[in-house]
Each structure stands twice: as C-alpha cells, then as structure tokens.
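just to be clear, the model below is a prediction. Sequence and coordinates:
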Amino acid sequence: MTSPVVTLVINPRSRRKFDRLVSMMEHTRIVLDEARDVVSKLDPQSASRRAVPPDLLLALVKKAEDSLEALEGRVRRGQAELLAQDWRY
C-alpha cells in the first residue's frame, strides 16, 4: 500500500504576503539584537533618575525576543496553511 500524495496549492498573493511577514520578522530580530547590544553597553551608574534602568531595558528586549520567537514558531507550524489560503486584514 502506498501513502497518499499531498500536494500544496500555493496562492501567489499569499506567497508574497508570507515572504513579507518572514522578512519583517528577520528585520525585527536584527533590530532586537542591536537594541540588546546598545543596552548592554549602558552604564547603570550614570543613568539619571528619569532614565529607565538598563536591567529593565534588557528585560523588555528579552520579552520582545520571546514574543518574536513564539510568533516565528506559529508561522513555521502554519506555513502550509498560510501559503494556501487567502489572507485577510
């Protein structure tokens, strides 16, 4: 007995939108890496009272990175569906 062949029909418009989504996630990853580098170079002793402490900034960057990783995972798992269906706004 042979296993059934599953074919994926890719909607061209969905492909463009999916590629744009992946590109934006990659750009976001680059920006978060740069933000982490900048924040890690801050001197906590020189911060004024009104400035956000570097450890809080690093925690915010980490939270954004975690959210991006979760989104990337959902996009990877749903890639076939995203490519096959028409996207709605």
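Everything's here; your move. Numbers count the residues shown, from 1 in each chain.

all contacts plus neighbour counts: C-alpha atoms, from now on.
Noted.

for stretch 37-56, buried residues please.
Of all the residues in stretch 37-56, those buried under the rule 16 or more other Cα atoms under 10 Å are V39, P53, P54.

distance between the ends of it?
14 Å (Cα to Cα, to the nearest Å).

from the chain's centre, how far out does it sit?
25 Å (Cα atoms, centre = their mean, to the nearest Å).

show me what that stretch is in contact with.
Applying Cα atoms under 8 Å, 6 or more residues apart in numbering, the external contacts of stretch 37-56 come out as L57, L58.

same thing with stretch 29-36?
L58, V61, A64, E65, L68.

between those residues, which sits nearest Q79?
L68 (15.9 Å; Cα to Cα).

just checking, the closest one touches M25?
Yes - the pair L68 and M25 qualifies as a contact (Cα atoms under 8 Å) at a distance of 7.3 Å.

sorry, back to before: of the contacts of stretch 29-36, which is the nearest to A84?
Minimum distance to A84 across these is 23.1 Å, recorded for L68 (Cα to Cα).

contact partners for the closest one?
By Cα under 8 Å, 6+ apart, the neighbours of L68 are M25, R29.

so I10: helix, strand or coil?
coil (DSSP: H, G, I helix; E, B strand; the rest coil).

and it, what are its phi and psi?
phi -100, psi 120 (degrees, to the nearest 10).

burial of it, as a residue count?
15 (other Cα atoms under 10 Å).

spatially nearest residue to it (excluding sequence neighbours)?
Of all residues not flanking I10 in the chain, A84 sits nearest, at 4.8 Å (Cα to Cα, 6 or more residues apart in numbering).
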